[in-house]
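# Okay, here's the prediction I keep looking at, along with the sequence it came from:
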Amino acid sequence: MKAMRRWKFPRVVASVMLASGCLGGCSVFGGDDHERANVKQAVKRIDAVLDDTFKAIRPRIKWREGPAHISAHRNSFTNTANGEVGVDRKRYVRTKVSKAKLAELIKAVYKHWSAAGYEIGEMNPRGPSFSATASDGCVVHFSVGGYGNISVSASVDVSSDAVSGDIWGEEGDKFPKAPNGGPDYAPDVRDPYWSK
């Protein structure tokens, strides 16, 4: 009886490791590797989602675009790359949005994502922020940070052996320098409608 108990634990551990390895390598894009979107296609996808989101905001607001970035996914047991990466980009709103108009901006983005068929996640009242997921797995996120900083980001997972880092040729816009020497994400454009 004791011998059987000793063998159950390793079998369970092996089963969990096998399942985790399979789950860690799966992509939101179905099909074989050659059918899955590559990094360049992923950048086009997230840029299209961001373009559509900002076009839905009326009157238009100004923004700066951050670099497209790759985050290599790693196997949680072996800490090795699993052949899948996340591709993301963030846009920072340059238009100063008053507290009185913030709810209207949130409503415009929320309404657009709902109409596009995205599954809306829960609203986080702190900030505030919320996210949504498209049918192909593309995730979009709206967030309000300190000093009135507003950003919209999009990300999608694809099969690739690329390493983490900014994508060459997709550096985005040049940002002014903040007092600490880093990029300044603060809104710097007044608008007769949004800034009132």
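On my side now, so go ahead.
# my read: Leu102 touches Val144, true?
Yes - between Leu102 and Val144 there is a contact at 6.9 Å, judged by Cβ atoms under 8 Å. Where C-beta positions appear, they are placed from N, C-alpha and C, glycine not excepted.
# who has more neighbours, these two?
Set side by side, Leu102 and Val144 show more neighbours around Val144, with 18 against 15, by other Cβ atoms under 10 Å.
# Now for Leu102 and Val144: what residues contact both?
Overlap of the contact sets of Leu102 and Val144 (by Cβ atoms under 8 Å, 6 or more residues apart in numbering) is empty.
# mind listing what the nearest residue to Val87 once chain neighbours are set aside touches?
Excluding its sequence neighbours, the residue lying closest to Val87 (Cβ to Cβ, 6 or more residues apart in numbering) is Ala42, at 3.9 Å. By Cβ under 8 Å, 6+ apart, Ala42 lies in contact with 87, 156, 158.
# got the CA positions of whichever strand in the chain runs longest in CSV?
In the chain, with assignment by DSSP state E, the single longest strand is strand 81-93. Written as CSV, here are the backbone C-alpha positions of strand 81-93 (Å, rounded to 0.1, in the frame of the first residue of the first chain):
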residue,chain,number,x,y,z
ALA,A,81,11.1,31.0,-23.7
ASN,A,82,8.0,29.0,-24.8
GLY,A,83,7.7,30.3,-28.4
GLU,A,84,5.0,32.9,-27.7
VAL,A,85,5.3,36.7,-27.1
GLY,A,86,3.0,39.5,-26.2
VAL,A,87,3.1,42.5,-28.6
ASP,A,88,1.8,45.8,-27.1
ARG,A,89,1.7,49.5,-27.6
LYS,A,90,0.4,52.4,-25.5
ARG,A,91,-0.8,55.8,-26.6
TYR,A,92,-0.7,58.7,-24.2
VAL,A,93,-3.4,61.4,-24.4
